[in-house]
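In: here is a sequence with its predicted model. Questions after.
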There are 2 protein chains.
Amino acid sequence: MFKDTTTAAIDSLMQDAWKAFYEYRKLSLKQRAMFMHNIASGLENCGDELIQTAMQETNLPETRLRGERARTIFQLNSYADACEKGNWLEASIDTADPNKTPPKPDLRKMLIPLGPVVIFGASNFPFAYSTAGGDTACAFAAGCPVIVKAHPAHAKTSTMVAAIITKAAEDCNLPKGIFAHVYGAASEVGEALVKHPFTKAVAFTGSFSGGKQLFDWGNQRKVPIPVFAEMGSINPVFLLPGKLKTAANEIAQQYAASITLGVGQFCTNPGLIIGIESEALQTFIHDLGKTIQKISPAPMLHPGIVNAYKKNKGNALLQEEVHLIAESEITVKENEGLPTVATASGLTFLNNPVLHQEVFGPYSIVIRCKDINEMIEVAKRLEGQLTATLMATENDILQNESLVDTVKDICGRFILNNVPTGVEVCLSMQHGGPFPATTDSRFTSVGADGIKRFARPISYQNWPDHLLPEPLKNDNPLNIWRTQNNELSKETIETT
Amino acid sequence: MFKDTTTAAIDSLMQDAWKAFYEYRKLSLKQRAMFMHNIASGLENCGDELIQTAMQETNLPETRLRGERARTIFQLNSYADACEKGNWLEASIDTADPNKTPPKPDLRKMLIPLGPVVIFGASNFPFAYSTAGGDTACAFAAGCPVIVKAHPAHAKTSTMVAAIITKAAEDCNLPKGIFAHVYGAASEVGEALVKHPFTKAVAFTGSFSGGKQLFDWGNQRKVPIPVFAEMGSINPVFLLPGKLKTAANEIAQQYAASITLGVGQFCTNPGLIIGIESEALQTFIHDLGKTIQKISPAPMLHPGIVNAYKKNKGNALLQEEVHLIAESEITVKENEGLPTVATASGLTFLNNPVLHQEVFGPYSIVIRCKDINEMIEVAKRLEGQLTATLMATENDILQNESLVDTVKDICGRFILNNVPTGVEVCLSMQHGGPFPATTDSRFTSVGADGIKRFARPISYQNWPDHLLPEPLKNDNPLNIWRTQNNELSKETIETT
């Protein structure tokens, strides 16, 4: 339906983006924020056709999509507010000291945008992690033009959202190169985008193989660029003995719901639950199984996802010493994901890397460790994760320092007595984790700190006040927080 | 004199470092700062043998080395202060809101250390960018153990400084794995260090070929790690016509001194000066040549550096249409670098990539552009730089927006009417720039923000106050700045 964009067309769009960059980055923070608010309004007022199109393309239910659109609007508005507030600029001023030997020059530092950003959206979030999603909002806030490659699984939805962005850019009199929307079922399109000399950063949400390929392309360029890929995660949950003893049934209910939420199609889906052999663990496994049996299968995003789920789950269940606990007893259709839980011993898990891999869908495996040391061993052998969760009493935490330290080391978000699904959009959210959860654990793709992915610091040395950019002027016209001679302040700088 | 450390020994040291990491990262910011102050005192009180050894190994004069040691002490102390102050932690708190749909959990974010850091020091700064230099100080502040590979050109100096660090670690009762010092003339040692699974980050200062190799190794690992390599830079200086007209002689004096400062062995040495054909440019070239003729040659760091200087300078001068302006008329010895300036047209520069390469030493080339457009073209074709300088009047700046924008885009530090040599140690310093000046323009290797290179954010979700790390507790026991529900504050958090 949508033809792949040609390499020649991509080059032309990147040229436009580069030109637009020189204009757009000069806009005030307020003007950038207005553009983002305008996109948010566009999404809010675009009517039901968008929701219906997304329903057709993704099989996601209406309530979920309305909620996701609201979240996307919230992201755009809240990152716009953060953009305008300017804390993300990390403005810093050290005034001159002519009496020092050698004399200290006036130095002022702030973040500036990197340049055009290429964004690959996620199939599982057609709004919030796609065309006008968090990556796009962050890039616009940073001062960067955006080139989105539509996800082939919801290209029509993406096209409609792209039109809203284009309209907002026109309303705000922005140069046309500020936003481009391209199509590419073939990997050559992605390669051309990542390798174009005017591309200065890449953001991606999706599979490990896809993200790693973009990362490698980014690093193999003559001038390497940052590639922020959010890839797979199995989001381990550790059931500590004290907690499990008192709440096995409650945790089973909570996790049956979390495993199957949105047909398990969240990057924070808990795909691995680790406990220690005990009566309480048997109760948990039993109750989890009973609950899963009663949860309805539901349609998954697209045939590729359903088939991958069936194949990967089947493969996991075929591994030696892996046993099915239960699957949903409700009739499943061809395009649906069947809620399923399995179990294996700690030793089996430690010896079989297949069980460390993500099975994207409503599936989780419960690992039965023989003791706490084996549980620590499992934690040590896990790869980097977006989240890790402890279900634990205070005593469990205090008595198992080594486990707590190890688990902390492998995750970006460290959860206590809660479920990993549900990613709050706020500054304190870290949505990112050690490789292979993401390619760069130092940045987040959710929350206004995500803006910093697309910026770099520059120092101005010895510039007179009237030639400095607004955020660095003596009288602080933007009224932003700055570190002034090592102290955070909004005060006017007095120079002599 | 020093044997290369074996791969087995490296593995054993990395195991120790990993163990030490789990202890060291739990130390309070105050304890980390005390350790760093202790190293600084050790350097201050170690007597003259260190200076004499460094003089023998580097040919650098005593005054310079005493100054560099003082700078190193200042770095350790000021980064220790910044460590303790805790702004670099970027602590952020969003309190729970149970009335939101779905309920918003309590989320608290801060930076935590990455793990053991491998550091490759610079030959041109035996103290400030070496064993106990800025990278080491930043890593210790972040909470990371450090493994330094001694620079083969000053291995004895490095060994003495390493002993000071080891002594400080003992004084502070730190685990022995907190610091290790290894030797390696062969590249296999570097490769084993970068590829060891317990290595979590790498810092390097040196040549492009060295830094790029480490960067590639870091990215080719099963689990890629950040490699912060500060590599070459030619630090272009743009002479704008208004300014040049009024100050050709003064600029010539200033730049003759900057080009030859420290025998041109600074990464911020101005290796490229760009002007527009005019009488004023002729005056500048004439005066620069006259001044250079009177500047004494001086010994360079080691035979490898002198030979590379002679070879690379010779090669630059052999290029078609490159003309010698002048060289020092004072007799030069075998181990000395001869101050030299050359010139070529803008067109010659644009067509010959050899002239874009760094000639490490007291050498610079003056490019004569036919007009401002050619100057912009030269700026556009330049690779990433640590610094770029404009010598310009206010009118020059206001009338040449396109040039100013282009130059800003290629540098980490943007200087007006000053020289690039001299890197002030303060928070507003950006010592880093677009590739190939460094491998990651988003970070600095000078100033306390350099600490952030070795840390990543983690979010704590739903943890009770008494189990949270100090920086995130309700009553803010460290009295640090935190972003609390989107506002910077040091206030106590009131929860219900």
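Out: The structure has been received and is ready for your questions. Numbering: from 1, shown residues only, chains lettered A, B, ... in the order given.

In: straight-line length of stretch A:261-278, end to end?
Out: 28 Å (C-alpha to C-alpha, to the nearest Å).

In: anything in that stretch near chain B?
Out: No: figure legend: stretch A:261-278 not in contact with chain B (C-beta under 8 Å from any C-beta of the partner chain); closest approach 10.7 Å. To be clear about C-beta, it is placed using only N, CA and C from the backbone, and glycine gets the same treatment.

In: what comes up buried for that stretch?
Out: A:261-276 (16 or more other C-beta atoms under 10 Å in any protein chain shown).

In: narrow these to those in helices?
Out: Among the buried residues of stretch A:261-278, no member falls in helices (DSSP state H).

In: CA atoms of stretch A:13-25 as PDB?
Out: Taking C-alpha atoms only, stretch A:13-25 is exported to PDB below (Å, rounded to 0.1, in the frame of the first residue of the first chain):
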ATOM      1  CA  LEU A  13      14.600  14.900   2.800                       C
ATOM      2  CA  MET A  14      17.800  14.900   4.800                       C
ATOM      3  CA  GLN A  15      19.000  18.000   2.900                       C
ATOM      4  CA  ASP A  16      15.800  19.700   3.900                       C
ATOM      5  CA  ALA A  17      16.100  18.500   7.500                       C
ATOM      6  CA  TRP A  18      19.600  19.900   7.700                       C
ATOM      7  CA  LYS A  19      18.500  23.300   6.400                       C
ATOM      8  CA  ALA A  20      15.500  23.300   8.800                       C
ATOM      9  CA  PHE A  21      17.900  22.500  11.600                       C
ATOM     10  CA  TYR A  22      19.700  25.800  11.200                       C
ATOM     11  CA  GLU A  23      16.400  27.600  11.500                       C
ATOM     12  CA  TYR A  24      14.600  25.500  14.000                       C
ATOM     13  CA  ARG A  25      17.400  25.400  16.600                       C
END
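
In: pLDDT of it, averaged?
Out: Taken as a whole, stretch A:13-25 carries a mean pLDDT of 97.

In: got the buried residues for it?
Out: Applying 16+ other C-beta under 10 Å to stretch A:13-25 flags A:13-14, A:16-22, A:24-25 as buried.

In: what's the closest of the residues you listed to chain B?
Out: Taking C-beta to the nearest C-beta as the measure, chain B sits nearest to A:Tyr22 out of the buried residues of stretch A:13-25, at 5.7 Å.

In: can you read off the pLDDT for A:Gly232?
Out: 83.

In: if we can go back for a sec, next, format the buried residues of stretch A:13-25 as CSV and append distance to chain B and secondary structure.
Out: Output for the buried residues of stretch A:13-25, formatted as CSV (distance: C-beta to the nearest C-beta, whole Å; DSSP: H, G, I helix; E, B strand; the rest coil):
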residue, distance to chain B, secondary structure
A:Leu13, 20, helix
A:Met14, 15, helix
A:Asp16, 17, helix
A:Ala17, 14, helix
A:Trp18, 10, helix
A:Lys19, 11, helix
A:Ala20, 13, helix
A:Phe21, 9, helix
A:Tyr22, 6, helix
A:Tyr24, 12, helix
A:Arg25, 9, coil
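
In: re earlier: so which of the buried residues of stretch A:261-278 belong to strands?
Out: Those of those mapping onto strands are A:272-276, per DSSP state E.

In: which of these lies closest to A:Ala455?
Out: Closest to A:Ala455 out of those is A:Leu272 (35.2 Å), distances taken as C-beta to C-beta.

In: dump the residue contacts of that closest one.
Out: A:234-237, A:364-365, A:367, A:382 (C-beta atoms under 8 Å, 6 or more residues apart in numbering or on different chains).

In: A:His196 too?
Out: A:10-11, A:14, A:118.

In: packing partners of the longest helix seen in chain A?
Out: Criterion DSSP H: the longest helix present in chain A is helix A:62-85. Judged by 3 or more C-beta pairs under 8 Å, 6 or more residues apart in numbering or on different chains; DSSP states H and E, helix A:62-85 is in contact with helix A:29-44, helix A:49-58, helix A:134-142.

In: rebuild those as TSV, extending it with mean pLDDT, distance to B:Ser296 and mean neighbour count.
Out: What follows is those, written out as TSV (pLDDT from 0 to 100; distance: least, C-beta to C-beta, whole Å; neighbours: other C-beta atoms under 10 Å in any protein chain shown):
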stretch	mean pLDDT	distance to B:Ser296	mean neighbour count
helix A:29-44	98	51	20
helix A:49-58	96	74	18
helix A:134-142	98	48	30
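
In: ok, the residue located most distally from the centre of chain A to A:Ile493 distance?
Out: In chain A, counting by C-alpha atoms, centre = their mean, A:Asn99 sits farthest out from the average C-alpha position, at 48.7 Å. Separation of A:Asn99 from A:Ile493 (C-beta to C-beta, to the nearest Å): 18 Å.

In: for the stretch 151-300 of chain A, what spans make up the strands?
Out: Using DSSP state E, counting those that start in this stretch, the strands of the stretch 151-300 of chain A run over residues A:179-182, A:201-205, A:227-230, A:236-239, A:272-276, A:298-299.

In: let me see the mean pLDDT of the fifth one.
Out: When you say that, I think you mean strand A:272-276. 98.

In: got the confidence number for the residue nearest the centre of chain A?
Out: Centroid-nearest residue in chain A: A:Ser445, 4.0 Å away (criterion: C-alpha atoms, centre = their mean). Per-residue confidence at A:Ser445 stands at 96 (pLDDT).

In: before we move on, the earlier item: tell me the buried residues in the longest helix of chain A?
Out: A:65, A:67-69, A:71-73, A:75-80, A:82-85.

In: isn't A:Ile234 up against A:Leu355?
Out: No: assessed by C-beta atoms under 8 Å, A:Ile234 is found out of contact with A:Leu355, at 9.3 Å.

In: between those two, which is the more surrounded one?
Out: Ranked by neighbour count (other C-beta atoms under 10 Å in any protein chain shown), A:Ile234 and A:Leu355 place A:Ile234 first, with 24 against 21.

In: mind checking how far that one is from A:Gly206?
Out: 16 Å.

In: hmm, back to that, who touches the residue nearest to the centre of chain A in this structure?
Out: Contacts of A:Ser445 by C-beta under 8 Å, 6+ apart are A:129, A:134-135, A:138, A:203, A:205, A:228, A:230, A:431-432, A:438, A:453.

In: swap in A:Gln293?
Out: Contact analysis of A:Gln293 by C-beta under 8 Å, 6+ apart lists A:326-329.
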